[in-house]
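Participant: would you be able to build a 3D model of this:
(one chain, ligands or ions: 1)
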Amino acid sequence: MTRLNDNYLKLKAGYLFPEIAKRVKEFSKTNPEAKLIRLGIGDVTRPLAPAVIKAFHDGIDDLAKAETFHGYGPEQGYDWLINTIIEKAYLPLGVSLKTNEIFISDGSKCDSANILDIFDTSNKVAICDPVYPVYNDTNVMVGRSGEADEKGYYAGIVYMPCTEENHFTPAFPEQKVDLIYLCYPNNPTGTVATREQLKAWVDYATKNKAIILFDAAYEAFISEPGIPHSIYEIEGAKSCAIEFRSFSKTAGFTGVRCGLTVVPEELMAMTAGGEELSLNKLWNRRQGTKFNGVSYPVQKAAAAVYSDEGWAQVMETISYYMENAKVIKEGLANAGITCYGGVNAPYIWLKTPGGIGSWDFFNKLINECHVVGTPGSGFGPSGEGYFRLSAFGSQQNVAEAVNRIQKKWGK
Ligand SMILES: *Cc1c(COP(=O)(O)O)cnc(C)c1O
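Facilitator: Here you go, the predicted structure:
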């Protein structure tokens, strides 16, 4: 009989968001009149920017006429979008990239998963804990791990705890690793890496001949000056890092789908025979074979994000979310709850009051405040005792949620 991929069976059945959905459903069934406020799942809620919508429509109109029709585009994305990104998103940071070093895609969830195609399964992987679950689960799926233990750690994967004690900055792995996942600004903790901290990682990767997979999905939310928006702001990073970016949170593209991956030409890895080869060529080959490009109107819409008008509108929406973050953070602090993040990222990572378990706090919050959030333990064992609230709601709902929490926990 045909064999299935047994690695999938190692994955924990009760995935975080379905479990939350189940509990929310149960609550709503027994409390039909309660007005629930959802600050759980990390999805945007504000509409696309008008300049983006205009370009999106224009892109579709182009497809309606023979003279401007577009069929298959380049698998790597159109040069006009890539060059706009180079000029508007990277050059202002002092980072120069070549057109062939950026690959447009349908989002960075897929890219951060698909990138594993170009790496041997024998590589050791280091992952933060808590973490965006995609990095961990995709490594389990390709067979890079053994079974999970009762805490949720998979054999063979190196976990780097990020807790209050180390200011959510992981220590370097104690053993030799080949691939290191970093996400800054961080989901779920909402914290950032300073230039010095990122430089230490680049130096570490260079010295240990490891590669950093850097997820910058939330770079547009950085509000403090001096915090790097790209790992390539650090000298030497082009030889040791791949960067993922996304239009999802930056410009509300979660339902539109567009992202990009940077694979610099300098970035090398070793063949079985010990020869060093450029990974750029491999990723190009991978995309050329397994991907047929992002739709033309979507790329038109993405390019409009970088027009003067588009960028101003996108930034206005980000400010709206970040105002929410401030209201949540200050409101919770006033209620005596310790929180992190919320300054350079749309997430507030709070310590559960009284040190109760993450799921106990979830139950308390939904039952007593009618507010839904995400238990920190769902992002990894070191997230136990923490809880994530998202700033992607409406101002009104956020204010109401904070009010209810203050009534319950405030003095
Ligand atoms: C939301 C998010 C992304 C974006 O994923 P897309 O597939 O581009 O929508 C990437 N990384 C992290 C950590 C995220 O939270």
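Participant: just give the nearest non-adjacent residue to residue 61, would you?
Facilitator: Counting by CB to CB, 6 or more residues apart in numbering, residue 68 is the residue found nearest to residue 61 once chain neighbours are left out, at 7.8 Å. For the C-beta atoms, the positions are set from N, CA and C on the backbone; glycine is no exception.
Participant: for residue 234, that is, sorry about that
Facilitator: Ranked by CB to CB, 6+ apart and with sequence neighbours excluded, the top spatial neighbour of residue 234 is residue 202, at 4.6 Å.
Participant: give the contact list for the one you found.
Facilitator: 212, 231, 234-237, 240-241 (CB atoms under 8 Å, 6 or more residues apart in numbering).
Participant: again, only using 10 Å
Facilitator: Residues in contact with residue 202 (CB atoms under 10 Å, 6 or more residues apart in numbering) are 212, 214, 231-241.
Participant: do I have it right that residue 153 meets residue 381?
Facilitator: Yes. If you go by CB atoms under 10 Å, residue 153 and residue 381 touch, sitting 6.5 Å apart.
Participant: just to revisit the earlier point, list the buried residues for whichever strand or helix holds the residue nearest to residue 234?
Facilitator: Taking DSSP states H and E as the criterion, residue 202 maps to helix 195-207. Buried positions in helix 195-207, judged by neighbour count with 16 or more other CB atoms under 10 Å: 197-199, 201-202, 204-206.
Participant: give me the next element, helix or strand, following it.
Facilitator: With DSSP H and E, the next secondary element past helix 195-207 is strand 211-215.
Participant: surely residue 167 touches residue 341?
Facilitator: No. At 11.8 Å, residue 167 does not count as touching residue 341 under the criterion of CB under 10 Å.
Participant: which neighbours do those two share?
Facilitator: The contact lists of residue 167 and residue 341 share 189, 191, where a contact means CB under 10 Å, 6+ apart.
Participant: distance from the chain centre to the helix holding residue 202, please.
Facilitator: 20 Å (CA atoms, centre = their mean, to the nearest Å).
Participant: send over that helix as CSV, restricted to the C-alpha atoms.
Facilitator: The C-alpha trace of helix 195-207 is given here as CSV (Å, rounded to 0.1, in the frame of the first residue of the first chain):
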residue,chain,number,x,y,z
ARG,A,195,21.6,46.6,16.3
GLU,A,196,24.1,45.2,18.8
GLN,A,197,22.1,42.1,19.4
LEU,A,198,21.6,41.5,15.6
LYS,A,199,25.3,42.1,15.0
ALA,A,200,26.1,39.4,17.6
TRP,A,201,23.9,37.0,15.7
VAL,A,202,25.5,37.8,12.4
ASP,A,203,29.0,37.4,13.9
TYR,A,204,27.9,34.1,15.5
ALA,A,205,26.5,32.8,12.3
THR,A,206,29.5,33.8,10.3
LYS,A,207,31.9,32.3,12.8
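Participant: what angle separates it from strand 211-215?
Facilitator: Using axes from the mean of the first three to the mean of the last three CA atoms, to 10 degrees, the direction of helix 195-207 lies 140 degrees away from that of strand 211-215.
Participant: now do helix 195-207, average pLDDT.
Facilitator: Taken as a whole, helix 195-207 has a mean pLDDT of 98.
Participant: how far out from the middle of the chain is stretch 19-35?
Facilitator: 28 Å.
Participant: actually stretch 361-370, not the one I wrote
Facilitator: 26 Å.
Participant: same check on stretch 155-168?
Facilitator: In terms of CA atoms, centre = their mean, the centre of stretch 155-168 is set 17 Å apart from its chain centre.
Participant: stretch 169-179 now?
Facilitator: 20 Å.
Participant: can you give me the end-to-end span of it?
Facilitator: Terminal residues of stretch 169-179 are spaced 17 Å apart (CA to CA, to the nearest Å).
Participant: could you report the neighbour count for residue 288?
Facilitator: 13 (other CB atoms under 10 Å).
Participant: please apply the same query to residue 27.
Facilitator: Neighbour tally, residue 27, other CB under 10 Å: 17.
Participant: and the stretch 51-200 of the chain, which of its residues are near the ligand?
Facilitator: 107-109, 132, 183, 187 (CB under 6 Å from any ligand atom).
Participant: could you find the lowest-pLDDT member of the residues you listed?
Facilitator: The member of these with the lowest pLDDT is residue 132, at 94.
Participant: leaving out the residues flanking it, which one is nearest to that one?
Facilitator: Per CB to CB, 6+ apart, closest to residue 132 is residue 187, 5.2 Å.
Participant: where's that neighbour relative to residue 121, distance?
Facilitator: 26 Å (CB to CB, to the nearest Å).
Participant: for those two, indicate the residue with more neighbours.
Facilitator: Set side by side, residue 187 and residue 121 show more neighbours around residue 187, with 23 against 11, by other CB under 10 Å.
Participant: pretty sure the more buried one contacts residue 219?
Facilitator: No. Residue 187 sits out of contact with residue 219 when judged by CB under 10 Å, with a separation of 12.0 Å.
Participant: can you give me the helices for this protein?
Facilitator: 16-30, 50-63, 79-85, 108-114, 133-141, 195-207, 247-251, 279-290, 296-304, 308-334, 358-364, 395-409 (DSSP state H).
Participant: identify the residues contacting the third one?
Facilitator: Surrounding helix 79-85, the residues in contact under the criterion CB under 10 Å, 6+ apart are 73-74, 76-78, 86, 91, 97-104, 245, 258, 260, 262, 294, 298-307.
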